[in-house]
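**Q** Structure for the following, please:
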Amino acid sequence: MDLDWREIADNPPLESAELTADKSTDKPTDKLNDTSHIANLANISASPSTIAGIDKRHYGLNQSSHQYCAQRAAEILERDLKDLRLIACNLDGGCSLAAIHNGQIIDTATGFTPLEGLMIDYSSGSIDPDVLNQLMRQEENTDDSSDVDKESKNDTSELLADSRSVASEIETDNSRAKQALDIYIHRLRSCLGSMLMSLGGMDALVFTAELGDNSEIVRELVCQSLEFLGLKLDLEQNQNNPVDSDIATTESKVRVLVIQTQAD
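**A** Sure thing, here's the model as predicted:
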């Protein structure tokens, strides 16, 4: 945006006395070279009230859905939401994950653009931006107007639009369906792992939205990668179209919930 960082740093308004002094000198104030306000940046890390204010802000996809599922999870488990560490998986055309601690979203898989995070309908998920530059060089394409978001679309994503079609295609040995599922699960596991580190553990894993509600194969493959936590999925319950229920076995150390979100 062609802005100097000092123009947007936290700069408190001048007192009236200072304004009067500036006018009396008839000299323009050089804001870019005036570093007197830079010390205010240090206050961000020093002020607990400032930190608390920042922590309450969240910019992510499906926030209302994650908040609803967190509250519903606490009701199903009959526990106080503030005592739970949850990872909510909102899996549909615009997938997102949320790490929820003490009722607050502390981490999300949603990035600034669809290039960050999970594989979704219109993006392959996290990708090195320079990949497109390399492809353009190989094709001797000097056009700099490529839309990274559009060009990053993975042609396997269409196969994930309907979870039931994915399962049926895999059964018929469709290699593209298998590839789509492998990529999808790999990205999902990677993001889940990073959120586990943020939470320091997990009390329950929540599946919601179209794929989360309807795809038993996605739930099963994700849960397989979390068995080291003591998570044990009840395979029979997983295949019985669960709604707002716990599908982990009784001896599982981590609960697995399928919740039909009511949030817009």
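**Q** Sketch out the helices for the stretch 101-250 of the chain, chain order is fine.
**A** For the stretch 101-250 of the chain, helices defined by DSSP state H, counting those that start in this stretch occupy the ranges 130-138, 148-151, 163-171, 175-199, 209-214, 216-224, 235-238.
**Q** With respect to Glu78, which of these lies nearest?
**A** Minimum separation from Glu78 across these (CB to CB) falls at helix 235-238, 18.3 Å. Where C-beta positions appear, they are placed from N, C-alpha and C, glycine not excepted.
**Q** tell me which residues in the closest one are buried?
**A** Judged by neighbour count using 16 or more other CB atoms under 10 Å, the buried positions of helix 235-238 are Gln237, Asn238.
**Q** same check, this time on stretch 216-228
**A** Neighbour-count burial for stretch 216-228 flags Glu216, Ile217, Val218, Arg219, Leu221, Val222, Cys223, Ser225, Leu226 (criterion: 16+ other CB under 10 Å).
**Q** Go through the one helix or strand Arg72 maps to and flag the buried ones.
**A** Arg72 is part of helix 63-77, with elements assigned from DSSP states H and E. Buried residues in helix 63-77, counted by 16+ other CB under 10 Å: Gln63, Ser65, His66, Gln67, Tyr68, Cys69, Ala70, Arg72, Ala73, Ala74, Ile76, Leu77.
**Q** Dump the residues you listed to a markdown table, plus distance to Met195 and pLDDT.
**A** Putting those into a markdown table (distance: CB to CB, whole Å; pLDDT from 0 to 100) gives the following:
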| residue | distance to Met195 | pLDDT |
| --- | --- | --- |
| Gln63 | 15 | 85 |
| Ser65 | 16 | 90 |
| His66 | 12 | 90 |
| Gln67 | 16 | 91 |
| Tyr68 | 19 | 93 |
| Cys69 | 15 | 94 |
| Ala70 | 14 | 95 |
| Arg72 | 19 | 96 |
| Ala73 | 15 | 97 |
| Ala74 | 18 | 97 |
| Ile76 | 20 | 97 |
| Leu77 | 19 | 97 |
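**Q** Save the residues you listed as JSON lines, and put in distance to Gln179 too.
**A** Putting the buried residues of helix 63-77 into JSON lines (distance: CB to CB, whole Å) gives the following:
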{"residue": "Gln63", "distance to Gln179": "31"}
{"residue": "Ser65", "distance to Gln179": "28"}
{"residue": "His66", "distance to Gln179": "29"}
{"residue": "Gln67", "distance to Gln179": "34"}
{"residue": "Tyr68", "distance to Gln179": "33"}
{"residue": "Cys69", "distance to Gln179": "30"}
{"residue": "Ala70", "distance to Gln179": "33"}
{"residue": "Arg72", "distance to Gln179": "34"}
{"residue": "Ala73", "distance to Gln179": "33"}
{"residue": "Ala74", "distance to Gln179": "38"}
{"residue": "Ile76", "distance to Gln179": "35"}
{"residue": "Leu77", "distance to Gln179": "36"}
